[in-house]
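Participant: Here is the input, now give the coordinates:
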Amino acid sequence: MRPMSHRRRTVSVLTLLPLLVVALLTGPASPAQAATTHCTQHSLNVRTSDPGPVNAVLWGELCYRGVRQPRTVQLLVHGAGYNHSYFDIGHGGGFYSYVKAANAVGYATFNVDRIGAGNSSHPASPLVNINSGSVALHDAITALRSGAVSGTGFSKVIWVGHSYGSIYGWSEIARYHDVDAFINTAALHLFNQPHLDTNLFPNFYAAASDPALAGLGLDPGYLTSRPNTRGLLYYHPSTVTAGALAADEANKDAVTYTQMLDLAAIVALPPAQALTQQITVPTLILNGQQDPMHCGPAAMDCGSTSAVHAFESQYYSPQARIKTVLIPGTGHNTVLSTTAPLSAAIMLGWAFTVAAP
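Facilitator: Numbering: from 1, shown residues only. This next block holds a predicted model:
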């Protein structure tokens, strides 16, 4: 028999890692875990100011396996220029789907479109900001806990953010203290400014000018990436495929100029004033070693886990008990890179230690 190639062996092992991690922690899968996955879509009526009226709709998809709802739900919050498809891209037969990985090991997932993206409300762009989005996501968490989403409340909520979705977590969790754990992916407290100046800023323009988004009626304050630039902006060439890039481009979304201003201001806060100082739940920081948004000679030495951990530790309270993990050869979009199963395994293995399904 012809030996399996190194690449095929690596892919096979990485594909099985999430299930192997949970098998070690929990033993054989229960019948509920082996059952069919059920997904329902929900449009929640939410606020965008607190105090304030219910004036927006936040869309999300709730998925879990089996007939019995788990105790714990993972709230999946996408980054800027994305929507819920980031965590469930529909390409690769589930290889890139964090939703499927989390459901397979017993977690429920509530995969949302943030205000200003996807199926959720699109207010005037100046109104789409960190504060308004955080209030809306707090209302979603309240609905998950109360049973307003599915009829049965979840006793535990884990926030899983990607990039800007993690920074929304900095704001919402610091303000409301309403989750049990925080998985922060692709969000560090220092930007690689040369990448922003040379690659990111020149390749964002009005979403209304983009062929994929022109029909949505978005005002000029909504921005998106220029066609076929996402590989340059968010990936490392060694861990991205043409198919994943095409799926990313096909599902891209918008971000507002106001959100960009908020982002710069929040990341620029000194350690003592950082929003994350108010986070008191267990926190996992997961980042690609080759993330062009945060890593490089002018920014972070992402080749050293200890260096990144020491830097980020300045910004968090001791109660967060942060754990830092760096994924080799991987860019900003860990879920859409070929190392996605490794990232999922680490995220889910850690989640079991702080808030099991």
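Participant: All the strands of the stretch 151-300 of the chain, residue numbers only.
Facilitator: Per DSSP state E, counting those that start in this stretch, the stretch 151-300 of the chain carries strands over the ranges 156-162, 181-185, 204-206, 222-225, 255-256, 283-288.
Participant: Need the distance between the two termini of stretch 88-108.
Facilitator: 14 Å (CA to CA, to the nearest Å).
Participant: go on, stretch 250-263?
Facilitator: 25 Å.
Participant: what does stretch 236-252 give?
Facilitator: Using CA to CA, first and last residues of stretch 236-252 are 18 Å apart.
Participant: Any buried residues in it, and which?
Facilitator: Across stretch 236-252, burial judged by 16 or more other CB atoms under 10 Å covers 236, 239-241, 244-245, 247-248, 251-252. C-beta: built from backbone N, CA, C; applies to glycine.
Participant: Figure out the helix or strand that Tyr82 lives in.
Facilitator: In the assignment (DSSP states H and E), Tyr82 maps to no helix and no strand.
Participant: any idea how far it lies from Ala254?
Facilitator: 9 Å (CB to CB, to the nearest Å).
Participant: And for His84?
Facilitator: According to CB to CB, His84 and Ala254 sit 14 Å apart.
Participant: dump the residue contacts of Pro220.
Facilitator: Applying CB atoms under 8 Å, 6 or more residues apart in numbering to Pro220 gives the contacts 125, 206, 208.
Participant: Per-residue pLDDT of the second one, please?
Facilitator: Spelled out, that is Ala206. Listed pLDDT for Ala206 reads 97.
Participant: related to what we said a few turns ago, considering the contacts of Pro220, which possesses the most neighbours?
Facilitator: Within the contacts of Pro220, most neighbours by other CB atoms under 10 Å means Ser125, with 21 neighbours.
Participant: Now do the same for that one: its pLDDT.
Facilitator: pLDDT, read off for Ser125, is 98.
Participant: Not counting sequence-adjacent ones, nearest residue to it?
Facilitator: Of all residues not flanking Ser125 in the chain, Gly221 sits nearest, at 2.8 Å (CB to CB, 6 or more residues apart in numbering).
Participant: Specify the local secondary structure of Val73.
Facilitator: Classification of Val73 using DSSP: H, G, I helix; E, B strand; the rest coil returns strand.
Participant: any idea how far Val308 is from Ala136?
Facilitator: Remark: distance between Val308 and Ala136 (CB to CB) = 31 Å.
Participant: brain fart, Thr109
Facilitator: 18 Å.
Participant: Helix or strand next in line after the lowest-mean-pLDDT helix or strand in the chain, which one?
Facilitator: Taking mean pLDDT, DSSP states H and E as the measure, the helix or strand of the chain with the lowest value is helix 6-26, at a mean of 42. Going down the chain from helix 6-26, the next helix or strand is strand 37-47, by DSSP H and E.
Participant: Okay, now the sheet partners of that following strand, with direction.
Facilitator: Within its sheet, strand 37-47 is paired with strand 54-65 (antiparallel), according to DSSP bridges.
Participant: Pull the distance from the partner strand to the chain's centre.
Facilitator: 15 Å (CA atoms, centre = their mean, to the nearest Å).
Participant: where are the low-confidence patches of the stretch 151-300 of the chain?
Facilitator: The model of the stretch 151-300 of the chain has no residue with pLDDT under 70.
Participant: Which residue ranges of it form helices?
Facilitator: Using DSSP state H, counting those that start in this stretch, the helices of the stretch 151-300 of the chain run over 164-176, 193-195, 230-234, 242-250, 257-267.
Participant: Which strands or helices does the first one pack on?
Facilitator: Helices and strands touching helix 164-176, as assessed by 3 or more CB pairs under 8 Å, 6 or more residues apart in numbering; DSSP states H and E, comprise strand 72-77, helix 130-146, strand 156-162, strand 181-185, helix 257-267.
Participant: No further queries at this time; thank you.
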